[in-house]
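J.: here is a sequence with its predicted model. Questions after.
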Amino acid sequence: MDTDGTSLQSMHRVFSLFFKNRLKRDDNIPIPNPFRGGTMLAEKVNRWIAEYKAEGKAEGRVSILRRMKQTGMSIADIAQVTGLSEDEIKHLI
């Protein structure tokens, strides 16, 4: 996905059109579009995006801490550079 969200916007538009034009209940009553009006699905998608970004940042931080340790830095030095406690670093790596 693009960092500017163009892919997400494109998917949003395609799914919105799909819901509008294709999905119908009995008696030709349209199913409400889950991408409009702050629906639960839209809220979930936003939450999932935030969670995935947070997970990516956490994984990146752990990767950097491990590389710092592999290059020979002591836990104390890593703590001084990162501002994390030595216990946090030991737990993460």
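T.: Perfect, I can see it now. Residues are numbered from 1 along each chain as shown.

J.: identify the residues contacting E86.
T.: 75-76, 79 (CB atoms under 8 Å, 6 or more residues apart in numbering). C-beta here means a position set from N, CA and C on the backbone, and glycine is covered the same way.

J.: now K90: closest residue in space, sequence neighbours ignored.
T.: I75 (6.4 Å; CB to CB, 6 or more residues apart in numbering).

J.: ok, so what distance separates the one you found from L92?
T.: Using CB to CB, to the nearest Å, we find I75 at a distance of 11 Å from L92.

J.: between the two, which is the more surrounded one?
T.: I75 (17 against 14; other CB atoms under 10 Å).

J.: how about the contacts made by the more buried one?
T.: With CB under 8 Å, 6+ apart, I75 has these contacts: 69, 86, 89-90.

J.: let's go with 7 Å and repeat that
T.: 86, 89-90 (CB atoms under 7 Å, 6 or more residues apart in numbering).

J.: after the helix-or-strand element of the chain with minimal mean pLDDT comes which helix or strand?
T.: Within the chain, no helix or strand scores below helix 6-21, which has a mean of 72 by mean pLDDT, DSSP states H and E. Where DSSP states H and E defines the elements, the next helix or strand beyond helix 6-21 is helix 40-70.
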